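# Got a predicted structure here, sequence first:
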Amino acid sequence: MKKTQLILIIVGVLAIVGLYSLPKIVVDNEAQAGATVGQDTEESSESAVEMHAAELSEEKENLLSQLRNKAAESTISLEELENLANLYQEKAVYDSAAYFLSVAAERSEELIWDEKTGDAYFEAFTFALDPKKVEATAEKTREYLGKVLENDPSRSDLKSKIAMTYVSSANPMQGIMMLREILEEDPQNEDALFNMGILSMQSGQYKRAVERFEELVSYHPDNLQGQFYLGVSYFESNQRNKAKAQFEAVKEMTQDQMILESIQSYLDRL
């Protein structure tokens with residue numbers, strides 16, 4: 001599993017037990033979206049990310065410094081820009097990683113660089129806490145991934161990411177409608193089902209979240225995040241027997257100690 005996926009699960013755990021406030025969107029049975037979206041931040045969310053954000057070795061720090069100097073002098077190659085971005089991603093400095101990939105995208109006419117840049121900005125958007133940074137990274141995500149999607153409208157994975165950037169904007173219904181469109185074309189779409197489940201959780205509709213995550217894991221049983229959030233949704237909707245069985249099943253799917261400890265904290269409350 002990618003490090004970022006693990007971080008998302010841990011941040012989600014803290015959010016649900018009250019240590020971290022996720023963006024809130026009011027969705028009435030997925031038919032209406034509230035006009036307001038709030039973004040609250042707390043120190044615990046930053047700590048959750050830092051717990052899985054490894055420090056670079058001295059060798060890698062020196063390499064990062066060298067590549068950054070080359071970038072400043074405009075003598076850096078596309079490959080070196082990507083290496084620099086990878087080092088920033090390893091440090092969990094996602095907006096810097098996205099920025100250097102955007103430099104590569106500006107120098108190349110190949111859409112692959114736009115996609116890499118858009119993906120990096122989406123990752124930065126995912127972990128952004130400051131409202132201005134959330135808005136800025138969302139706009140960049142739409143800009144770069146939008147180019148790729150325009151060239152290939154069948155890329156539902158990119159459409160799903162763009163949709164989630166709208167959900168935290170002043171027009172959340174636009175994002176929800178995009179996710180619905182994906183599911184109309186592909187009812188088993190993994191990203192769209194997962195994101196709709198997350199939105200249901202964020203709006204406190206845990207029974208609806210259960211439906212979404214049950215559907216997700218029936219089609220994609222290896223989706224660890226979906227399996228975990230299904231357990232949380234069972235727990236929050238007071239389906240304790242199902243929650244216990246689900247958390248026990250998730251324990252068999254991962255060896256990550258942080259996730260196992262989080263699962264145990266739920267089991268201890270059942």
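Everything's here; your move. Numbering: from 1, shown residues only.

# Only C-alpha atoms from now on, for both contacts and neighbour counts.
OK.

# And the strands in the stretch 1-150 of the chain?
Ranges of strands within the stretch 1-150 of the chain are 24-28, 32-38, based on DSSP state E, counting those that start in this stretch.

# and if you look at the stretch 151-270 of the chain?
Read by DSSP E, counting those that start in this stretch, the stretch 151-270 of the chain holds no strands at all.

# What pLDDT does the model give the residue lying closest to Glu143 once chain neighbours are set aside?
Nearest non-adjacent residue to Glu143, counting by Cα to Cα, 6 or more residues apart in numbering: Gly118, 7.5 Å away. As summarised for this prediction, Gly118 has a pLDDT of 98.

# Surely Gly118 is in contact with Arg142?
Yes. Under the criterion of Cα atoms under 8 Å, Gly118 makes contact with Arg142 at 7.3 Å.

# Those two: which has the busier surroundings?
The residue with more neighbours, out of Gly118 and Arg142 and counting by other Cα atoms under 10 Å, is Gly118; that gives 31 against 23.

# Quickly note the distance from that one to Arg180.
Using Cα to Cα, to the nearest Å, one gets 22 Å for the distance from Gly118 to Arg180.

# and if you look at Val103?
With distances taken as Cα to Cα, Val103 is found 34 Å from Arg180.

# So what's the residue count around Ala85?
The local packing of Ala85 (other Cα under 10 Å) involves 27 other residues.

# For it, report the pLDDT, please.
The confidence metric pLDDT takes the value 98 at Ala85.

# Now do the helix ranked longest in the chain: which elements does it pack against?
Ranked by residue count and defined by DSSP state H, the top helix of the chain is helix 131-151. On a contact count with 3 or more Cα pairs under 8 Å, 6 or more residues apart in numbering; DSSP states H and E, helix 131-151 meets helix 111-127, helix 156-167.
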